[in-house]
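Enquirer: Structural data only, the sequence is not supplied:
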């Protein structure tokens, strides 16, 4: 997966990078709270995709994609919460939230292929 161009992998990887980037400026008192939780959730999306791909069989891969989808939903909520706390500006929020939406579409299609 890492060696091939895969839109889901690339989008989830970008999401992790954007989450790390946007949380750099969060308040220091959130270092072990919201910053840590948001980074773990954002990173968990791509890590579960990678781990699922490394497993043997489609059923196992799908199970990890579902876990990744749960982490993505967590990430989306935490981003919205952080925006309400004014820890990021509108431009930052719009950019990273759009990436969560794109990732969700690709992930949903991977979980539910036609």
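Expert: Right, received. Where do you want to start? Note that the structure is predicted; figures quoted are calculated from it, not measured. Residues are numbered from 1 along each chain as shown.

Enquirer: What is the neighbour count of the residue nearest to residue 52 when sequence neighbours are not counted?
Expert: Using C-beta to C-beta, 6 or more residues apart in numbering and skipping residues adjacent in sequence, the residue nearest residue 52 is residue 64, 2.6 Å away. In short, each C-beta sits where N, CA and C put it, glycine included. Residue 64: 18 surrounding residues under other C-beta atoms under 10 Å.

Enquirer: Could you measure from residue 64 over to residue 80?
Expert: 25 Å (C-beta to C-beta, to the nearest Å).

Enquirer: State the number of residues packed around residue 57.
Expert: Count around residue 57 with other C-beta under 10 Å applied: 9.

Enquirer: which residues of the protein fall in helices?
Expert: Secondary structure of the chain (DSSP state H): helices located at 7-23, 34-54, 58-84, 90-111.

Enquirer: Show the pLDDT at residue 114.
Expert: The score at residue 114 is 83. That number is its pLDDT.

Enquirer: Same check on residue 5?
Expert: 83.

Enquirer: Could you report the neighbour count for it?
Expert: 7.

Enquirer: With residue 47 instead?
Expert: Look at residue 47: counted by other C-beta under 10 Å, it has 17 neighbours.
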